[in-house]
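[1] A structural model of the following input is requested.
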Amino acid sequence: MVAAPMELVVLAFDDFKPTGEIARGIADLVDKGIIRIVDLLFVSKSADGDIAILELDAIDPDVRAAFQEIAEEVDGLIGEEDVDDLADSLPAGSAAGLILFEHTWVRGLREKVLEAGGQVVFADRIPAEAVEAVMTAMEGSE
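    Numbers count the residues shown, from 1 in each chain. Next comes the predicted model:
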């Protein structure tokens, strides 16, 4: 099987309360075959600086049900070092969700490139904020 690239995304919130709405947005991408959830967990830092790491089975049952529909095979691949780095950088009283997902849409394309004797030599992610800044600058110059 040809592997697809994976990406770790951290969603930070001042006062994070996981909701089914976020899960439904992710589920739409999973249902369309665009991504596959590989791992998912939540980290919070209390006002006192205490860190809590919550796996999927430790969150509110209603919210857990929404996320379990999209993360059937959570593999536990998010490393302890990733979590520690994030926890250190979180401001007190905030929280984050970590989502490791596979770009399943790339698998077929990558397979065709490999079959043709090619290879992916570079891939980079341009953050949405950078794209928005360029678009705003372009609109301002018109």
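[2] what's across from residue 9 in the sheet?
    Partner residues in beta bridges with residue 9, using DSSP bridges, are residue 99.
[3] count the neighbours of it for me.
    13 (other CB atoms under 10 Å). C-beta here means a position set from N, CA and C on the backbone, and glycine is covered the same way.
[4] ok, now how distant is it from residue 53?
    Using CB to CB, to the nearest Å, residue 9 is found at 17 Å from residue 53.
[5] give the contact list for the nearest residue to residue 33 once chain neighbours are set aside.
    In space, and not counting its chain neighbours, residue 33 is closest to residue 104: 5.7 Å by CB to CB, 6 or more residues apart in numbering. Residue 104 sits next to 4, 33, 34, 35, 36 when contact means CB atoms under 8 Å, 6 or more residues apart in numbering.
[6] among these, which one lies nearest to residue 118?
    residue 4 (15.9 Å; CB to CB).
[7] what sits against the closest one?
    Shown in contact with residue 4 (CB under 8 Å, 6+ apart): 102, 103, 104, 105, 106, 107, 110.
[8] list the contacts for the second one?
    Residue 103 makes contact with 4, 5, 6, 7, 34, 35, according to CB under 8 Å, 6+ apart.
[9] and if you look at the fifth one?
    Residue 106 makes contact with 4, 5 under the criterion CB under 8 Å, 6+ apart.
[10] hey, where'd the helices end up in this protein?
    Assigned by DSSP state H, the chain shows helices spanning 20-31, 61-68, 80-89, 104-115, 128-140.
[11] packing partners of the lowest-mean-pLDDT helix or strand in the chain?
    Ranked by mean pLDDT, DSSP states H and E, the helix or strand of the chain with the weakest confidence is helix 61-68, at a mean of 74. Packing partners of helix 61-68 (3 or more CB pairs under 8 Å, 6 or more residues apart in numbering; DSSP states H and E): helix 20-31.
[12] can you verify my assumption that residue 49 contacts residue 94?
    No - contact between residue 49 and residue 94 fails when scored by CB atoms under 8 Å: they sit 11.1 Å apart.
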